[in-house]
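Chemist: this is a predicted model, with the sequence first.
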Amino acid sequence: MKKPIPPELQKRVPPGQFLTEKFPVLSYGPTPKFDSATWDFRIFGEVEQELRFNYEQFRALPQSSETADFHCVTTWSQLDNHWEGIKIADLMKLVRLKPEARYVIVHCDGEYTTNLPLRDFSSDDVMLAHRRNGRDLEPGHGFPVRLVVPQLYGWKSAKWVRALEFTRADRRGFWEVRGYHNHADPWAEQRYSFQEEE
Ligand SMILES: Nc1nc2c(c(=O)[nH]1)N[C@H]1C(S)=C(S)[C@@H](COP(=O)(O)O)O[C@H]1N2
Ligand SMILES: [Mo]
């Protein structure tokens, strides 16, 4: 049932999207098993020094929160999610990037990857979230940690993130090689890869 968008919210809803209050689980493949004893988070690629955090170390990183909207390419949008976790700006204070680094490949449990330019990744509203709307993420929504990239379509908000790889050259991720747009700006309706020719 697609309800009309209230006029006061229209500015916040990208073209071709409708609003939902639900938070559907949208995953390709099963929800990975989480074990805090073996879980780690790695940062590698074009960095002066690779980093590895165990679960305890990762959860001890400085926490922030934000309220942000979420737009899935399948046309649902959800407003005002409250996220808690690590701001990328804070995480990047620990990372010494090589000057060649221009892209980020996000690696997840279960083979899922997504790519974004460093510029989008470094945007002030990007975070690695543990909690949504006052509770730990449910397993299906990415526990223990997911990326939140409010200004791009939802598939860039990778769940069950295990590593960040910084690269010189761009490398398309899971959906980006399967017909979805490399950049994915919902305001420009960058849904499919064939649009990249335009
Ligand atoms: N690891 C992983 N992350 C993922 C996905 C996935 O299949 N695997 N699906 C993406 C898509 S298409 C969307 S819209 C959002 C959905 O998040 P949700 O399942 O928490 O609603 O997660 C994204 N992150
Ligand atoms: Mo999606």
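Modeler: Yes, it's here. Ligands and ions are numbered 1, 2, ... in the order given.

Chemist: from here on, just use CA atoms for contacts and neighbour counts.
Modeler: Noted.

Chemist: mind listing the helices for this structure?
Modeler: Secondary structure of the chain (DSSP state H): helices at 55-59, 88-91, 118-121.

Chemist: for R132, which of the ones you listed is the nearest?
Modeler: helix 55-59 (15.3 Å; C-alpha to C-alpha).

Chemist: kindly export that closest one (C-alpha atoms) in PDB.
Modeler: The C-alpha coordinates for helix 55-59 follow below in PDB (Å, rounded to 0.1, in the frame of the first residue of the first chain):
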ATOM      1  CA  TYR A  55      35.500  -7.300  19.400                       C
ATOM      2  CA  GLU A  56      36.300  -5.700  22.700                       C
ATOM      3  CA  GLN A  57      38.700  -3.200  21.200                       C
ATOM      4  CA  PHE A  58      36.300  -2.300  18.500                       C
ATOM      5  CA  ARG A  59      33.400  -1.700  20.900                       C
END
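
Chemist: next, the contact list for the residue nearest to G110 when sequence neighbours are not counted, please.
Modeler: Nearest residue to G110 in three dimensions, chain neighbours excluded: P32, at 6.5 Å (C-alpha to C-alpha, 6 or more residues apart in numbering). By C-alpha atoms under 8 Å, 6 or more residues apart in numbering, the residues touching P32 are 109-110, 160.

Chemist: redo those as TSV? Include distance to W175 and pLDDT.
Modeler: Listed next are those as TSV, based on distance: C-alpha to C-alpha, whole Å; pLDDT from 0 to 100:
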residue	distance to W175	pLDDT
D109	15	96
G110	14	93
W160	16	98
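
Chemist: same list, these, but only the ones touching ligand 1.
Modeler: W160 (C-alpha under 6 Å from any ligand atom).

Chemist: just put the contacts of P32 in TSV and tack on neighbour count.
Modeler: Output for the contacts of P32, formatted as TSV (neighbours: other C-alpha atoms under 10 Å):
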residue	neighbour count
D109	18
G110	16
W160	27
